[in-house]
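In: Got a predicted model here, sequence first, then my questions.
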Amino acid sequence: MPTPHNSAIKGDIAKTVLMPGDPLRAKFIAENYLESPVCYNEVRGMLGYTGKYKGVPVSVQGSGMGMPSIGIYSWELFNEYGAENIIRVGTAGAIADKVDLRDVIIGISASTNSAYASQYRLPGTYAPTASWELASAAVKAAQAKGCNYHVGNIFSSDTFYDDADSLALWQKMGVLGIEMEAAALYMNAARAGKNALAILTVSDCPLKGLSTSAQERQTSFRDMMEIALETALTVN
């Protein structure tokens, strides 16, 4: 049955869901890549669609910004709607010197400054990790496309405007880029026994002073979208 945040009913949502932060990116993916997409959710403007990609059912839904928001939507998809795989398709700020504007990052793990894991009352520090099945499939799809991609640790931050200016410290630890959602997604997937992955396009390089426009972020990062869709084919 519908939740307070999603008007879909069970069966409306495919087993594999692409999840951009921006609901307008969800709309773009549905309209440009899915066959006969049907909008199943408009609650709070968090658009969700289900269609077919190369004959395979795939859903795409916005998550909103930040770990609290993706925490709600991904939890409901995993636990209320039967989703088995969620692939975040979002943007990241490059931290590593080798990562450039518009490169793709495949996040195999997500360090974080969030207290999201405290709910599990674990006797140590949890390491949020992506699904190897999804990550390995995404790497193969990226190789087939011939795009510039990087695989490694990302940093999920609870703050966009960070007063401490700590990016250089994360850079020293080999972190590739910074974003705001993946760690919570990975933890929700682990708790539910499901699969998750973040595939990110570098929208800015804060340590180099480079950035893309809001319009580019919404509609033009096609490599990331296509890698995610090809990955979805391998797990359905």
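Out: Alright, I've got the coordinates. Numbers count the residues shown, from 1 in each chain.

In: can we go C-alpha only for contacts and neighbour counts from here?
Out: OK.

In: all helices for the chain, in order.
Out: Counting by DSSP state H, the chain has helices at residues 23-33, 67-79, 132-145, 167-172, 182-192, 214-219, 222-234.

In: nearest to Met1, of the ones you listed?
Out: helix 67-79 (11.0 Å; C-alpha to C-alpha).

In: dump the residue contacts of the spatially most central residue of the chain.
Out: Residue closest to the mean C-alpha point of the chain, counted by C-alpha atoms, centre = their mean, is Arg88 at 1.6 Å. With contact taken as C-alpha atoms under 8 Å, 6 or more residues apart in numbering, Arg88 is in contact with 18-21, 182, 196-200.

In: hang on, Leu24 packs against Leu47?
Out: Yes - between Leu24 and Leu47 a contact is recorded at 7.5 Å, counting by C-alpha atoms under 8 Å.

In: what comes up buried for stretch 116-125?
Out: 116-117 (16 or more other C-alpha atoms under 10 Å).

In: What are the contacting residues of it?
Out: 67, 126, 184, 187.

In: Need the residues touching each of Leu24 and Leu47.
Out: In contact with both Leu24 and Leu47: Gly62, using C-alpha under 8 Å, 6+ apart.

In: Pick out whichever of those two has more residues nearby.
Out: In this view Leu24 and Leu47 are compared by other C-alpha atoms under 10 Å, and Leu47 has more residues nearby, 21 against 18.

In: Make sure that one is actually in contact with Asn41.
Out: Yes - Leu47 is in contact with Asn41 according to C-alpha under 8 Å; the separation is 5.3 Å.

In: count of neighbours near Gly93?
Out: So Gly93, with other C-alpha under 10 Å, has 26 neighbours.

In: residue contacts, it?
Out: So Gly93 contacts 177-179, 202-206 (C-alpha under 8 Å, 6+ apart).

In: rerun at 10 Å
Out: Residues in contact with Gly93 (C-alpha atoms under 10 Å, 6 or more residues apart in numbering) are 99-102, 154-155, 167, 176-179, 200-207, 210-211.

In: And Ile199, by the same measure?
Out: By C-alpha under 10 Å, 6+ apart, Ile199 lies in contact with 18-20, 87-92, 104-108, 135, 138-139, 149-151, 182, 223-225, 227-228.

In: Drop anything exposed from the residues you listed.
Out: Buried among the contacts of Ile199 (16+ other C-alpha under 10 Å): 18-20, 87-92, 104-108, 135, 138-139, 149-151, 182, 223-225, 227-228.
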